[in-house]
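# Let me see the structure of the following:
(chains A, B and C)
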Amino acid sequence: MMVPTRSKSINGNGDGGSNSAKKVMNRGAWTAEEDRKLSQYIETHGAKRWKTIATKSGLNRCGKSCRLRWLNYLRPNIKRGNISDEEEDLILRLHRLLGNRWSLIAGRLPGRTDNEIKNYWNSHLSKKLVSQREKDMQIHPALSQEVATPPGKTKTPENSPVVVVEVEEEGGEGKLGEGCLDPNFDVEKFFNFSTEASCGLEWANMFMELEGDLMMDDRQ
DNA sequence: AACATCAGCAACCGCGTGCAA
DNA sequence: TTTGCACGCGGTTGCTGATGT
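Next comes the predicted model:
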C-alpha cells in the first residue's frame, strides 16, 4: 500500500485551533524534502515546542502535523510493518487489560507507535476478535447475549467493527479493561514506562500474572 | 477491460490536561 | 483564580492499491 497523496492546502488548524492568523498550511502526505527538513531541524534543536519547530524549520506545516510525522515515522529506532506474532499477542493482552489506550500499549512495544497499533487493531485484530467470538458463540450459545451488545462499543462504521473494552473509573484512578480486580490497582503506575521497574522480565512477569488473574476472574 | 467495493493506513480533528504567566 | 498555550491522545477521515464482479 503506497502513501496516499493528500495534498489539500487549506487553512491549517493550529494546535487546539489557537492560531488566529489565517495562513494557508500544507496538508496531506509529507514529501521527502519536508521529512529531511524536519529531521534536520530536530537533530540540531531537539523535539520540543512543535509550533516553533513548524515555523523555524521552514515547513509550511502546523506543529501538530510535524509532531505526528516525527513520532510516527522520522524518529530513530522506529519499526514499520511486520508485526510479529509475539507483538500481536502482546497487543491483544494489553488491549484486554487497558482498552483503547493505544499510547500505553505502544509503550510496551519498542519502536511501535500508538497510531500503528491503533490501525493494526482496527484493521486486523478487531476482526480477528469478532470471528473468534463468533466461533465461541457456536460452541457456547449462551455468550450470544453478551456479544449482541458488547460493553462499551463505540460508534463505529458498519464495516469496521471495533470492539472496545469499556472501562470503569475507579475513584478517579486510571482506567482498566473489563477485568479490573483491585480498585486500588494503579494502572498509571503499572504502565509508567519511564521507570526502570517498568522494563524487562520483572515487569513482563507481573503483567502475565495480572493477566492470568483476569482470565481466572472471567471464568467465574 | 472497466467499474465497484473493500482494506490498509497516513494524516487530520477535537478534546482533555498540564503548566506558566 | 483565570487564561492561554503547548502537548498528547483517541477517534475519524479520506486516499490509494487490491480484489471482486
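# Now do the strands in chain A.
In chain A, the strands defined using DSSP state E lie at A:9-11, A:24-26.
# I'd like to know which of these has the weakest mean confidence.
In terms of average pLDDT, strand A:9-11 trails the rest of those, at a mean of 35.
# low-scoring pLDDT stretches of chain A, where are they?
Chain A contains residues with pLDDT under 70 at A:1-23, A:134, A:141-220.
# hmm, try it at 80
A:1-24, A:126-220 (pLDDT under 80).
# quick check: domain ranges of it?
Domain ranges of chain A: A:9-74, A:81-94+A:113-148, per automatic domain parsing.
# Between those domains, which one is closest to A:R101.
domain A:81-94+A:113-148 (8.4 Å; Cβ to Cβ). In this view, the C-beta of every residue, glycine as well, is placed from N, C-alpha and C.
# any bit of the closest one sitting next to DNA strand C?
Yes. Counting by Cβ under 7 Å from any atom of the strand, DNA strand C is contacted by domain A:81-94+A:113-148 at A:114-115, A:118-119, A:122.
# residues touching A:E34, list them.
Contacts for A:E34 were tallied using Cβ atoms under 8 Å, 6 or more residues apart in numbering; they are A:26, A:59, A:61, A:69.
# now swap in A:W70 and tell me
Applying Cβ under 8 Å, 6+ apart, we find A:W70 in contact with A:38-39, A:42, A:47.
# how close does it get to DNA strand B?
Distance of A:W70 to DNA strand B, given as Cβ to the nearest atom of the strand, to the nearest Å: 10 Å.
# try A:I83
Look at A:I83 and DNA strand B: by Cβ to the nearest atom of the strand, they are 9 Å apart.
# got the contact list for that residue?
Per Cβ under 8 Å, 6+ apart, neighbours of A:I83: A:91, A:112, A:120.
# tally of neighbours for the second one?
Neighbouring residues of A:R112 were enumerated by other Cβ atoms under 10 Å; the total is 21.
# Quick check, it in contact with A:A106.
Yes. Using Cβ atoms under 8 Å as the test, A:R112 is close enough to A:A106 to be in contact (5.2 Å).
# Stretch A:27-43: which residues count as buried?
Counting neighbours by 16 or more other Cβ atoms under 10 Å, one finds that the buried residues in stretch A:27-43 are A:27, A:30, A:34, A:37-39, A:41-42.
# Let's have those residues in a markdown table, adding distance to DNA strand B.
Converted to a markdown table, the buried residues of stretch A:27-43 look like this (distance: Cβ to the nearest atom of the strand, whole Å):
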| residue | distance to DNA strand B |
| --- | --- |
| A:R27 | 3 |
| A:W30 | 4 |
| A:E34 | 9 |
| A:K37 | 14 |
| A:L38 | 11 |
| A:S39 | 13 |
| A:Y41 | 17 |
| A:I42 | 15 |
